[in-house]
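K.L.:
Structure for the following, please:
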Amino acid sequence: MKKLSFLIVFTLLFTQIYGQKNDTITSNKKLSYKHFIIPTTLIASGSLLLGSRLNTDLQEKSRVVVGENFNSAADDVFPLIPIVQIYTGKYLGFQPENTVLHQSIDIVVANSLTLGIITATKYLVKEERPDQSDNLSFPSGHTAIAFTNAALLFHQYQESNFWYASSGFLFATATGVFRMANNRHYASDVLTGAGIGLVSGILVSYYNPFQSIRFGKNSKNTAFIYPQIGNQIGIGLLVRTK
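P.N.:
Below you'll find the model as predicted:
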């Protein structure tokens, strides 16, 4: 109960802090407290479900629908699809918000932030997974990464094509559904992971201190981004500057 109270208080304080700083950030970045209403609701809802009978019932019902033997690796791929969309959108005729370099920096910084928060929370809460494989269930890292990348995609193309920009959330939602169907996470894990992922994606999209790196026509700077898939899903970035 103390862990649950901590998570709820942390969520409310986080939103309040950024709401108070709104005047400073929005002057150039157009970031508003309204951006955090949905993420805060998701995190609070997931925290309230944690350890509840409703949480267990939802998991049991999801397994009834898909079958006890259901197993799919699709949830390892879905979180990365919005990244592919970020890079390929311009080839489909959509105008992105940033250059490829800044897109790459946003992806790495946002995913790193998400993984840091998720990992710390997992070891703080120590919730056992539905399949009892370990006690790192809460929150869902795959879902968090998926929503982080979906938020980044939305920021890049919302002005150019709203539907393309929003499509990443379909894959993010599918990730959460498949994590439950695979019996790896409860609804509480998925909801909280989605909220954390959105917060990271939104913050980095509007306020990324690492975007001071410049690539000009005569610059010899290069960047390479690559996915990492295993027990934990992540993103790597190699930047060479001269």
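K.L.:
how about the helix ranked longest in the chain: buried residues?
P.N.:
Ordering each helix of the chain by length in residues (DSSP state H) puts helix 100-125 first. Neighbour-count burial for helix 100-125 flags 101-115, 117-118, 121-122, 125 (criterion: 16 or more other Cβ atoms under 10 Å). Every C-beta, even on glycine, is put in place using the N, C-alpha and C of the backbone.
K.L.:
Kindly report the same for stretch 61-80.
P.N.:
Neighbour-count burial for stretch 61-80 [16+ other Cβ under 10 Å]: 62-63, 66, 75-80.
K.L.:
and stretch 100-110, how far out from the chain's middle?
P.N.:
Between the centre of stretch 100-110 and the centre of its chain there are 14 Å (Cα atoms, centre = their mean, to the nearest Å).
K.L.:
can you map out the strands along the chain?
P.N.:
222-228, 234-240 (DSSP state E).
K.L.:
that older thread, farthest pair in the buried residues of stretch 61-80?
P.N.:
63 and 80 (25.9 Å; Cβ to Cβ).
K.L.:
Tell me which residues touch residue 30, please.
P.N.:
Residue 30 makes contact with residue 206, according to Cβ atoms under 8 Å, 6 or more residues apart in numbering.
K.L.:
how far away is it from residue 126?
P.N.:
Distance from residue 30 to residue 126, counting by Cβ to Cβ, to the nearest Å: 39 Å.
K.L.:
Residue 37 too?
P.N.:
Distance, residue 37 to residue 126, by Cβ to Cβ: 29 Å.
K.L.:
mind listing what residue 74 touches?
P.N.:
174, 178.
K.L.:
mind checking which helix or strand of this protein has the lowest mean pLDDT?
P.N.:
helix 22-29 (a mean of 40; mean pLDDT, DSSP states H and E).
K.L.:
wouldn't residue 158 be in contact with residue 168 here?
P.N.:
No: using Cβ atoms under 8 Å, residue 158 is not in contact with residue 168, being 11.0 Å away.
K.L.:
quick one, which of these two is more surrounded?
P.N.:
Neighbour totals were compared for residue 158 and residue 168, and residue 168 leads with 29 against 14 (other Cβ atoms under 10 Å).
K.L.:
Touching, that one and residue 89? I think so.
P.N.:
No: here residue 168 does not reach residue 89: they are 10.4 Å apart, not a contact under Cβ under 8 Å.
K.L.:
Common neighbours of these two, please.
P.N.:
Listed as contacting both residue 168 and residue 89 by Cβ under 8 Å, 6+ apart are residue 153.
K.L.:
Just give the closest residue to residue 72, not the sequence neighbours.
P.N.:
Leaving out its chain neighbours, the residue that sits closest to residue 72 by Cβ to Cβ, 6 or more residues apart in numbering is residue 178, at 5.9 Å.
K.L.:
can you pull the contacts of the one you found?
P.N.:
72, 74-75, 78.
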